[in-house]
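In: what follows is a protein structure lacking sequence information:
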């Protein structure tokens, strides 16, 4: 009986350590995210399973071109995946299908070379938005089928969850970013 109790206690200890470890990793380091919808196609598709790095942005600010997961502005229970286009303090202009960034380094404006977009992809709409010091402008890669900053405005920094680092599913599209 003593052996049984000892073995049971050891099993409980291992299970507790595993649960605490998973909790710490999911809360502070990384978490899984399932892509829903077509807004990031063809780079990320409906059903893709990605791992979101929650630590990086504790040590540095996001940069243009990174794919991030964040909480939707109007409902914090909804998560979105989009690409960062505009950074804090910049002006984002969308006109005639192109995206231009105006900032201190480019006071005349820099038209983005978005090599991650499909050649036929255009950025619809007209935008002239000045971003605050804690705001980002995000767009989906599938611009014709994406609800993004063009429609609901700038993304507050506090809504960012993290940076997409790994695509685990489907296995044929396994990738590290």
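Out: Cool, got the structure. Nothing here was measured: the structure is a model prediction, and the numbers come from that model.
In: show me where this structure has its strands.
Out: Along the chain, the stretches classed as strands by DSSP state E are 30-34, 49-53, 67-71, 79-86, 91-95, 98-102, 110-111, 127-130, 135-139, 155-156, 160-169, 175-176.
In: for the first one, name the packing helices and strands.
Out: This means strand 30-34. Counting contacts by 3 or more Cβ pairs under 8 Å, 6 or more residues apart in numbering; DSSP states H and E, strand 30-34 packs against strand 49-53, strand 160-169. C-beta: built from backbone N, CA, C; applies to glycine.
In: so can I have CSV of the ones you listed showing mean neighbour count and distance to residue 60?
Out: What follows is these, written out as CSV (neighbours: other Cβ atoms under 10 Å; distance: least, Cβ to Cβ, whole Å):
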stretch, mean neighbour count, distance to residue 60
strand 49-53, 19, 11
strand 160-169, 18, 10
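In: turn those into TSV, columns for mean pLDDT and distance to residue 6.
Out: Supplementary listing: the helices and strands packed on strand 30-34 in TSV, determined by pLDDT from 0 to 100; distance: least, Cβ to Cβ, whole Å:
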stretch	mean pLDDT	distance to residue 6
strand 49-53	89	37
strand 160-169	86	38
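In: I'd like those laid out as a markdown table, including distance to residue 36.
Out: Compiled in a markdown table, the helices and strands packed on strand 30-34 are given as follows (distance: least, Cβ to Cβ, whole Å):
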| stretch | distance to residue 36 |
| --- | --- |
| strand 49-53 | 11 |
| strand 160-169 | 13 |
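In: between the strands of the chain, which gets nearest to residue 40?
Out: When the strands of the chain are ranked by distance to residue 40, counting by Cβ to Cβ, first place goes to strand 79-86 at 5.7 Å.
In: now the angle between strand 91-95 and the closest one, please.
Out: Here the directions of strand 79-86 and strand 91-95 differ by 100 degrees (axes from the mean of the first three to the mean of the last three Cα atoms, to 10 degrees).
In: what's the spacing between the residue most central in space within the chain and residue 111?
Out: Taking Cα atoms, centre = their mean as the criterion, residue 68 is the residue nearest the geometric centre of the chain, at 1.3 Å. The spacing between residue 68 and residue 111, counted by Cβ to Cβ, to the nearest Å, is 22 Å.
In: re the thing from before, so can I have JSON lines of the strands of the chain showing distance to residue 13?
Out: What follows is those, written out as JSON lines (distance: least, Cβ to Cβ, whole Å):
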{"stretch": "strand 30-34", "distance to residue 13": "25"}
{"stretch": "strand 49-53", "distance to residue 13": "28"}
{"stretch": "strand 67-71", "distance to residue 13": "34"}
{"stretch": "strand 79-86", "distance to residue 13": "34"}
{"stretch": "strand 91-95", "distance to residue 13": "53"}
{"stretch": "strand 98-102", "distance to residue 13": "54"}
{"stretch": "strand 110-111", "distance to residue 13": "57"}
{"stretch": "strand 127-130", "distance to residue 13": "54"}
{"stretch": "strand 135-139", "distance to residue 13": "44"}
{"stretch": "strand 155-156", "distance to residue 13": "42"}
{"stretch": "strand 160-169", "distance to residue 13": "29"}
{"stretch": "strand 175-176", "distance to residue 13": "34"}
